[in-house]
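Asker: A structural model of the following input is requested.
(2 chains)
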Number of protein chains: 2
Amino acid sequence: MHPGIDDLLTLLRFPSVSTKPEHRDDVRRCAEWLKAKLTSIGLTSELHETPGHPVVVGRNVHQPGRRTVMIYGHYDVQPAEPLEEWKTPAFEPTIRDGRIWCRGSTDNKGQLMAHLRGVEETLATGSDLPVNLIFLFEGEEEIGSPNLKPFLEAHRDELKCDVVAISDTGMVAPGVGTFTYGLRGIACLEALVSGPSIDLHSGIFGGAVANPNTAVAHLIASLHDKNGKVAVEGFYDDVREIEPWEREEWSKLGDTATETLSLTGSPELYGEAGYSELERRWARPTAEINGIGGGYQGAGSKTVIPREAMFKLSLRLVPDQKPEDILAKVEAHLKQHLPPGTRVQIHLGHTGQPYAMDPNSRFGMAARKALATAFDGKVALIREGGSIPIVQAFKDVLGVETILLGLALGDCQAHAPNENFPLENFEAGVRLNKILLHELAADS
Amino acid sequence: MHPGIDDLLTLLRFPSVSTKPEHRDDVRRCAEWLKAKLTSIGLTSELHETPGHPVVVGRNVHQPGRRTVMIYGHYDVQPAEPLEEWKTPAFEPTIRDGRIWCRGSTDNKGQLMAHLRGVEETLATGSDLPVNLIFLFEGEEEIGSPNLKPFLEAHRDELKCDVVAISDTGMVAPGVGTFTYGLRGIACLEALVSGPSIDLHSGIFGGAVANPNTAVAHLIASLHDKNGKVAVEGFYDDVREIEPWEREEWSKLGDTATETLSLTGSPELYGEAGYSELERRWARPTAEINGIGGGYQGAGSKTVIPREAMFKLSLRLVPDQKPEDILAKVEAHLKQHLPPGTRVQIHLGHTGQPYAMDPNSRFGMAARKALATAFDGKVALIREGGSIPIVQAFKDVLGVETILLGLALGDCQAHAPNENFPLENFEAGVRLNKILLHELAADS
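Answerer: The predicted structure follows:
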């Protein structure tokens, strides 16, 4: 077993659940252990207070003329509940079947420690690192990183770097190095449709006034056309078309549609006409109703015309859509399509830019080479459908790209009971770290 | 003050709240008082047990060759809460401003007692009633009359009659006798639309699978066309058109649209093109979404594609639509319009036939004449938009029509705090009872 595993087991034993006040001290002790670990391998280290959980920063002695690489990770974890579904206790790491089973093993302590171990091994040989390194370990990723952006802003100069690397995304299959070069953005809004000033008896008044439940349905139905395309005017104006090389890369991934059908349990796949299942999830924008509600939802019937009904909408965006522009267009669409006899209030929610970096850029090529070396030549180039706000924060505050080199498999159960991390992924991560720093240091 | 008021005050003091177990004895004492009252005025009376609250039946000595008239009323009342909003205690009847203020004063003890007092006064003169009379007083109307139909079925022979009269509906204005000759029917269903087998992350899977929230919206939107008509095939096949005389009668009621706009507080009225506000509420069928729900409805956002979403639909029906036929058509419509990638389960709910009696029929004319005499010639002929299931029960079990001669005004606050009943309505009700029995007894 890899000698770095012992430290990982120690790190995993901290129940660093960031969302639970009763684990506040565990989170801090976890941060302090990381700080001490950084020092022990020959880095300088700092523990920075925030309004929430601490940020741990480690660095080597920076030298002019070298690239500066930041490696981000998070040491906080999701709650372990439901505890009864764990085969072995959530915070007692257990090794079986070639995997470490513990909350946080894959998300993100295992991946964080692979990088830390890679650096430790390099330094242990007596040689310096090929780059100026900054480790940035956060304790609030699982609660939305509320203090990360302010921290970056407050320490903009010390954290200046050329690129950020993160291992916190997925691999397409065991043994296949996976470079995530694009993420969808997001824009949220909530619409509250009102009609009568009080709930009305649908027998006495039904037929004479507009029903907010029905109005909400008409508004939602107006958002898509018959081909599954978003029917908001101008919605696709800035959408970058999928490149031929992307289609070629993704075609190597095999029959992902069958896998998605199985994972979702849907009766059949459905989406925008003219695009494959993978293209729809990774590279096409969507409008999804996350919540809808109005009137009587209990058992049996209550014959009411409710005074109001609401829906929550999130739009996933792709390059080069701009969240604010899309929200303005959707808001205008909803107002324009509002059924007679109703009013609408629209509350704009959070946004995140779509993200894409060029895998043929210098850092993109460095990441691909490192993955190819660490994974025996097998590298997949993918995008992901979700959004990772920290990537946006690094771009906004530090002005740099992020390379996403994930080590998590689909069955690693991140966020679920029986989370696990394959030992071979840890070892691959250690290899990856060493090669990555060299590749990022190289001139091209 | 009318000498019959004393008995009404006594009846009102029983807090006969049928829905509350702690008032079970109050309901029974109220029934026993009614039974004794019937006996005291010279009728035979019976208190019948049911699985719930008792039914009280009173009758005179029936003679062959006379018409048999049933007068229905209910002695149970709605809960009085919120108690703090009552100006005088809910179960201490108080007389001020020409009205009796008490829970149950208008719904239905005041109207019930007007009939009972009318009969008492007729009998007190020493003359017999002109008809075979059956008083049927129920104690479960406010909880949906669960035992009325079984009671009618069990006593079909003793309750055989030619017509039923009920005073438990509204008047269009003070001093205007109001004959309700039509009611809408009802048919309810609930649809549960499912998609994925688990809630999905709308970033990871959004675009590749159908969203049940969106599917529900499309189904609901498919139920109406642009003119506000129900777009279900065959929905209007059996709808009886509004007669010219009905339009004429209703045009006398003045600007009800302005009143409805004010009562509902809606931004504007909206309904089926080609019909007035009153016609839409009284004589046209509707499809109203009483409830809709799916996904995340709490504060903030949660980017989920829910595994299911639902809606509750009630259809108000008019003569000669048949609830079962309409439910079948709506069910077929929903299945036909189900968006791809989803499944739907439809649960059919309760139904009630639409009701209309001919105001020019023998009993219709008798009711109108009685109202004209009791109200100085002022009579309105109306329908109501709601449904009264007991009317259907009388028709189904006893095979007779019901004449609805309501004495409640819009500001009598039935079901609300400060319920009240005008003394003049009580007096008009007493007059009405005497004339009505004579008119119903007459040959034409």
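Asker: who are the neighbours in contact with the residue positioned nearest the centre of chain A?
Answerer: Among the residues of chain A, the one closest to the centroid is A:I388, at 3.6 Å (Cα atoms, centre = their mean). Going by Cβ atoms under 8 Å, 6 or more residues apart in numbering or on different chains, A:I388 touches A:166, A:168-169, A:183, A:355, A:404. All C-beta spots, glycine's among them, are computed from the backbone N, C-alpha and C.
Asker: out of these, who has the most neighbours?
Answerer: Each of the contacts of A:I388 was scored for neighbours by other Cβ atoms under 10 Å in any protein chain shown, and A:L183 scores highest at 30 neighbours.
Asker: Give me the distance between the residue lying closest to that one once chain neighbours are set aside and B:K395.
Answerer: Nearest residue to A:L183 in three dimensions, chain neighbours excluded: A:Y355, at 4.3 Å (Cβ to Cβ, 6 or more residues apart in numbering or on different chains). Relative to B:K395, A:Y355 is positioned 68 Å away (Cβ to Cβ, to the nearest Å).
Asker: what distance separates the start and the end of stretch A:117-131?
Answerer: Taking Cα to Cα, to the nearest Å, stretch A:117-131 runs 16 Å from one end to the other.
Asker: Correction: the previous question concerned stretch A:273-293.
Answerer: For stretch A:273-293, the first and last residues are 29 Å from each other (Cα to Cα).
Asker: taking the mean pLDDT, what do you get for it?
Answerer: The average of the pLDDT scores along stretch A:273-293 is 97.
Asker: got the contact list for A:E158?
Answerer: A:V57.
Asker: rerun at 10 Å
Answerer: Contact partners of A:E158, counting by Cβ atoms under 10 Å, 6 or more residues apart in numbering or on different chains, are A:46, A:57, A:59, A:62, A:134.
Asker: and what of A:A165?
Answerer: Applying Cβ under 10 Å, 6+ apart, we find A:A165 in contact with A:69-73, A:115, A:363, A:366-367, A:370, A:401-405, A:432-433, A:436-437, A:440.
Asker: anything in stretch A:189-198 near chain B?
Answerer: Yes - shown here: stretch A:189-198 in contact with chain B (Cβ under 10 Å from any Cβ of the partner chain) through A:189-190, A:194-198.
Asker: in stretch A:128-137, what's buried?
Answerer: Buried positions in stretch A:128-137, judged by neighbour count with 16 or more other Cβ atoms under 10 Å in any protein chain shown: A:129-137.
Asker: Quote the end-to-end distance of that stretch.
Answerer: In stretch A:128-137, first residue to last residue: 21 Å (Cα to Cα).
Asker: Just the mean pLDDT for stretch A:384-396, thanks.
Answerer: For stretch A:384-396, the mean per-residue pLDDT is 91.
Asker: returning to that earlier point: got the buried residues of stretch A:128-137 as a markdown table, with distance to chain B, pLDDT and secondary structure columns?
Answerer: Shown next, in a markdown table, are these (distance: Cβ to the nearest Cβ, whole Å; pLDDT from 0 to 100; DSSP: H, G, I helix; E, B strand; the rest coil):
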| residue | distance to chain B | pLDDT | secondary structure |
| --- | --- | --- | --- |
| A:L129 | 35 | 97 | coil |
| A:P130 | 35 | 97 | coil |
| A:V131 | 32 | 98 | coil |
| A:N132 | 34 | 98 | strand |
| A:L133 | 31 | 98 | strand |
| A:I134 | 28 | 98 | strand |
| A:F135 | 27 | 98 | strand |
| A:L136 | 24 | 98 | strand |
| A:F137 | 24 | 98 | strand |
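Asker: Just flag the most distant two among those.
Answerer: Greatest spatial distance in the buried residues of stretch A:128-137: A:P130 and A:F137, 21.3 Å, computed using Cβ to Cβ.
Asker: Would you confirm that A:A408 contacts A:T169?
Answerer: Yes - with contact defined as Cβ atoms under 10 Å, A:A408 counts as touching A:T169 (6.8 Å).
Asker: Could you tell me which residues touch both of the two?
Answerer: When contacts are counted by Cβ under 10 Å, 6+ apart, A:A408 and A:T169 are jointly contacted by A:111, A:178.
Asker: after the helix or strand encompassing A:A366 comes which helix or strand?
Answerer: Assigned by DSSP states H and E, A:A366 falls within helix A:362-374. Sequence order places strand A:379-384 as the next helix or strand after helix A:362-374, per DSSP H and E.
Asker: dump the residue contacts of whichever residue of the stretch 51-200 of chain A sits closest to chain B.
Answerer: Per Cβ to the nearest Cβ, A:S197 is where the stretch 51-200 of chain A lies closest to chain B, at 2.6 Å. Applying Cβ under 10 Å, 6+ apart, we find A:S197 in contact with A:307-308, B:262-267.
Asker: Separate out the buried members of those.
Answerer: A:307-308, B:263-264, B:266-267.
Asker: from those, which has minimum pLDDT?
Answerer: Lowest in pLDDT among these is B:L263, which has 90.
Asker: Next one: that residue from chain A, what distance?
Answerer: 8 Å (Cβ to the nearest Cβ, to the nearest Å).
Asker: Find me whatever residue is spatially closest to A:G364, sequence neighbours aside.
Answerer: Leaving aside its chain neighbours, A:G364 sits nearest to A:D358 (5.5 Å; criterion: Cβ to Cβ, 6+ apart).
Asker: Is it correct that the one you found is in contact with A:M365?
Answerer: Yes - between A:D358 and A:M365 there is a contact under Cβ under 10 Å: 9.3 Å.
Asker: contacting residues around the closest residue to A:C102 other than its chain neighbours?
Answerer: Nearest residue to A:C102 in three dimensions, chain neighbours excluded: A:P93, at 3.8 Å (Cβ to Cβ, 6+ apart). The contact partners of A:P93, by Cβ under 10 Å, 6+ apart, come to A:5, A:8-13, A:100-105, A:109-110, A:420-421.
Asker: taking the residues you listed one by one, which sit in helices?
Answerer: Among those, the ones falling in helices (DSSP state H) are A:5, A:8-12, A:110.
Asker: which regions of chain A lie under the pLDDT threshold?
Answerer: Along chain A, the parts satisfying pLDDT under 70 run over A:444.
Asker: what's the domain layout of it?
Answerer: Domain ranges of chain A: A:5-183+A:354-441, A:185-239+A:285-352, per automatic domain parsing.
Asker: Include distance to B:K87 when you put those domains into JSON lines, please.
Answerer: Output for the domains of chain A, formatted as JSON lines (distance: least, Cβ to Cβ, whole Å):
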{"stretch": "domain A:5-183+A:354-441", "distance to B:K87": "49"}
{"stretch": "domain A:185-239+A:285-352", "distance to B:K87": "21"}
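Asker: closest one to B:I41 among those?
Answerer: Comparing those by Cβ to Cβ, domain A:185-239+A:285-352 comes nearest, at 35.7 Å.
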